[in-house]
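> Structure of the sequence below:
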Amino acid sequence: MSECFIFTEAYNCADILNNCLKSFYKYHTNTVHVYGTKKDLDELNDFSLIKKIEIPLNGIIDFFYSQGHMGTAAIFAQSILHDSTCNHIIHFDSDLIFKRECISKIKEKLDNGYSLVGPPRPYKYNLNGRDDIRHLEDVVATCFFGFDKDKININDFIELTHSINGKNFNGHPILDFFDYVSFLILHNDGKVFYLNNDDVGGPDRFGNRDNKHGIINKDIDFGDWFTHFAGIGSGSRIYKKGLQNSSIGYGDWALKRYAMYKKIFDNVEISGVAIDENYYNLYKKYF
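Okay, here's the model as predicted:
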């Protein structure tokens with residue numbers, strides 16, 4: 001298989017990434033590039049195969065993090081334009097818990113000519129109930145995915161950062177993070193490969209969250225390859241740094257998810273944040 005640039009990030013959430021990387025290195029021997037502040041990187045466990053990339057305080061990426069997911073978008077842009085010497089890039093979120101080796105599955109599809117590989121993000125059958133986007137092709141979720149950066153013809157860091165974060169250029173409707181760039185990849189003759197939701201959890205291309213794992217996949221992306229909790233990294237950042245540019249509704253949701261996660265994996269209770277005991281008892285059956 002060809003070389004591939006693999007990266008993840010921890011911005012005020014090294015505790016989350018420690019659990020993720022611990023599970024990752026049970027099954028993988030790949031080098032992972034980890035973006036984080038000096039404090040985050042210092043708090044990571046001693047994983048010999050990671051390459052640390054520091055986010056300078058008061059720098060452009062640190063500033064963008066004060067605007068929510070713009071910070072993560074800036075890390076993506078940095079990886080694409082400056083840090084990766086490989087055409088193929090794989091990203092995974094810090095709030096994944098891996099269950100088996102699966103990076104090779106992404107690399108194989110990229111080597112076989114696909115330019116966008118990941119869990120399906122349905123547009124025709126989108127879960128948001130939007131009729132204005134049903135004519136668009138499905139793209140992929142970004143919690144665990146790979147792409148060919150040669151299909152992205154944006155060379156300006158700021159423009160690419162805004163594009164990744166979801167700025168609606170030219171009136172093109174989108175649902176989520178990286179979707180505008182995904183459509184750009186497809187426009188530039190890139191082929192997409194959708195991972196099976198039994199493997200990666202989440203919805204299928206029909207917007208159906210039913211998979212072989214049953215009820216637990218209704219609330220978190222629960223598959224054979226990994227579990228993706230969603231919102232945990234944001235919850236950690238909001239708990240430690242405040243809402244900043246996040247909405248109250250999103251902040252409350254993310255904090256509750258973070259509190260659930262901390263109780264399950266670290267046996268830590270977050271003061272003042274209530275968790276759903278029914279879901280907690282359900283999760284404990286699996287972790």
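> In this structure, where's the longest helix?
Taking residue count as the measure and DSSP state H as the definition, the longest helix of the chain comes out as helix 248-265.
> Mind giving me the packing neighbours of that one?
Contact partners of helix 248-265 among helices and strands, from 3 or more Cβ pairs under 8 Å, 6 or more residues apart in numbering; DSSP states H and E: helix 14-24, helix 232-241, helix 277-284. C-betas here are computed from N, CA, C, even on glycine.
> Sketch out the low-pLDDT regions of the stretch 151-287 of the chain for me.
Applying pLDDT under 70 to the stretch 151-287 of the chain flags the ranges 169.
> quick one: Val32 from Ile152, how far?
21 Å (Cβ to Cβ, to the nearest Å).
> Which residue ranges of this protein form helices?
When assigned using DSSP H, the helices of the chain occupy the ranges 14-24, 38-43, 60-65, 70-78, 103-111, 157-165, 179-187, 197-200, 232-241, 248-265, 277-284.
> Tell me which of these sits most buried.
helix 70-78 (a mean of 24; mean count of other Cβ atoms under 10 Å).
> Run through who's touching it.
7, 9, 11, 35, 55, 60-62, 64-65, 91, 157, 160-162, 164-165, 177-178 (Cβ atoms under 8 Å, 6 or more residues apart in numbering).
> please redo it, this time with the cut-off set to 7 Å
Surrounding helix 70-78, the residues in contact under the criterion Cβ atoms under 7 Å, 6 or more residues apart in numbering are 9, 11, 35, 60-61, 64-65, 157, 160-161, 164-165.
> quick one: average pLDDT of it?
For helix 70-78, the mean per-residue pLDDT is 97.
> and the angle from it to helix 157-165?
With axes from the mean of the first three to the mean of the last three Cα atoms, to 10 degrees defining the directions, helix 70-78 sits at 120 degrees from helix 157-165.
> Could you save the helices of the chain as a markdown table and add columns showing distance to Gly223?
Shown next, in a markdown table, are these (distance: least, Cβ to Cβ, whole Å):
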| stretch | distance to Gly223 |
| --- | --- |
| helix 14-24 | 13 |
| helix 38-43 | 27 |
| helix 60-65 | 29 |
| helix 70-78 | 22 |
| helix 103-111 | 12 |
| helix 157-165 | 25 |
| helix 179-187 | 21 |
| helix 197-200 | 4 |
| helix 232-241 | 17 |
| helix 248-265 | 17 |
| helix 277-284 | 15 |
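> what's the closest of the ones you listed to Glu137?
Shortest separation from Glu137 across the helices of the chain is recorded for helix 179-187, at 6.1 Å, computed as Cβ to Cβ.
> From the chain's centroid, how far away is the closest one?
Relative to the mean C-alpha coordinate of its chain, helix 179-187 is positioned 17 Å out (Cα atoms, centre = their mean, to the nearest Å).
> who's in contact with Cys86?
By Cβ under 7 Å, 6+ apart, Cys86 lies in contact with 3-5.
> Turn those residues into TSV, including distance to Ile264 and pLDDT.
Listed next are the contacts of Cys86 as TSV, based on distance: Cβ to Cβ, whole Å; pLDDT from 0 to 100:
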residue	distance to Ile264	pLDDT
Glu3	36	89
Cys4	31	96
Phe5	31	98
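> Can I have the buried ones of these as a ChimeraX selection?
Isolation of the buried members of these (16 or more other Cβ atoms under 10 Å) is achieved in ChimeraX through the command below:
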select :4,5
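> Now, the contacts of Cys86 that are in strands?
Residues of the contacts of Cys86 located in strands (DSSP state E): Phe5.
> Between the contacts of Cys86, which sits nearest Arg205?
Among the contacts of Cys86, Cys4 lies closest to Arg205 (Cβ to Cβ), at 25.2 Å.
> Identify the residue nearest the geometric centre of the protein.
Most central residue of the chain, judged by C-alpha distance to the mean C-alpha position with Cα atoms, centre = their mean, is Cys143 at 2.8 Å.
> For Tyr123, see how far away the nearest residue to Tyr125 once chain neighbours are set aside is.
When the adjacent residues along the chain are set aside, Tyr125 lies closest to Gly207, with 3.6 Å between them (Cβ to Cβ, 6 or more residues apart in numbering). When distance is defined by Cβ to Cβ, Gly207 is 9 Å away from Tyr123.
> I'm done for today, thanks for sticking with me.
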